[in-house]
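Colleague: for reference, the sequence and a predicted model appear below.
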Amino acid sequence: MNKYTTILFDVDGTLLDFDSAEENGLASVFKEYEESGAYRTADLIGTYRRVNRDLWDAYEKGLITKDHITDTRFGAVFEAHGIPADGIQTEHDYREILNHTAIVMPEAVEVLEYLQDRYDLYVVTNGFTETQKMRMADSGLDRYFKKSFISEEVGYQKPQKEYFDRCFEAMPGAERERTLIVGDSLNSDIKGGNTAGIDTCWFNPQGAVLTAGVKVDREIRSLKELKEFL
């Protein structure tokens, strides 16, 4: 019998296929610029992802606010490509699409069905409150979890120790030595688990290389592998 009683799950890239949802949303908001014949949607998406990744890295380091991400990312894309467009309005349009796009990762439902009566399950996510709540509800995955800890509501974000401290304050009976975090991000999920003093399980379907200085207790390529040790 394993030692765990509490499992923390990341959302995007772990339970929900965020990359596909993002691709759909970006293709929709950039479509009009490709139709003009002056721009390629693939180029705009590539720029967006570079800008967005840098902004989220800064956010997870506590350097900027989440509002700064949403206020500037599309504007930066349009500026880079010389497009006279309203980045704030595009953000609003994109968010509306994303809020209603919930693509469940393969094996997620099967694994959560298996785990829900065996462990206390919680969501830990840095996503936007409205978006995450709507997507989890639309996907039906919210019913498996006792509570969702969304960084906007918590007041801190993964991988900050304070974020996990707040989570443990709101998880009755949870003990760090008997808690496991499952997530795809080395920076926010696994490093966060290291910071919080809990065991980590890295969901690594693409076989990415482990970053030096990050401790991984378990590594899986598919969610179904969780059933082998939980």
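Modeller: Sure thing, it's come through.
Colleague: can you name the next helix or strand after the helix ranked longest in the chain?
Modeller: When the chain is parsed with DSSP state H, its longest helix is helix 41-60. Going down the chain from helix 41-60, the next helix or strand is helix 66-81, by DSSP states H and E.
Colleague: please point out which parts of that following helix sit buried.
Modeller: For helix 66-81, burial by neighbour count (16 or more other Cβ atoms under 10 Å) applies to 66, 69-70, 72-78, 81. The C-beta positions use only the backbone N, C-alpha and C, and glycine is treated the same way.
Colleague: what is the most widely separated pair among the residues you listed?
Modeller: Farthest pair in the buried residues of helix 66-81 (Cβ to Cβ) is K66 and H81. Separation: 24.5 Å.
Colleague: I'd say T179 and K3 touch.
Modeller: No. The criterion here is Cβ atoms under 8 Å, and T179 misses it with K3 at 9.7 Å.
Colleague: these two: which is more packed in?
Modeller: T179 (25 against 10; other Cβ atoms under 10 Å).
Colleague: contacting residues for the more buried one?
Modeller: 4-8, 198-199 (Cβ atoms under 8 Å, 6 or more residues apart in numbering).
Colleague: just the element for T195, please.
Modeller: helix 191-196.
Colleague: kindly report the same for F30.
Modeller: Counting by DSSP H and E, the element that carries F30 is helix 18-35.
Colleague: contact partners of the longest helix of the chain?
Modeller: With Cβ under 8 Å, 6+ apart as the criterion, helix 41-60 contacts 23, 26-27, 30-31, 33-34, 64-66, 68-69, 72-74, 76-77, 80-81, 126, 157-159, 187-188.
Colleague: next, the angle helix 18-35 makes with it.
Modeller: 130 degrees (axes from the mean of the first three to the mean of the last three Cα atoms, to 10 degrees).
Colleague: for K224, report the pLDDT, please.
Modeller: Looking at K224, its pLDDT is 98.
Colleague: coming back round to it: does anything pack onto the helix holding T195? Which helices or strands?
Modeller: Helices and strands touching helix 191-196, by 3 or more Cβ pairs under 8 Å, 6 or more residues apart in numbering; DSSP states H and E, are helix 161-169, strand 179-183, strand 199-203.
Colleague: got any ranges where the protein has weak pLDDT?
Modeller: The model of the chain has pLDDT under 70 over residues 1.
Colleague: swap in 90 and give it another go.
Modeller: 1-2, 32-39, 60-62, 66, 127-128, 211-213 (pLDDT under 90).
Colleague: domain ranges for it?
Modeller: Residue ranges for the domains of the chain, per automatic domain parsing: 6-16+103-228, 19-99.
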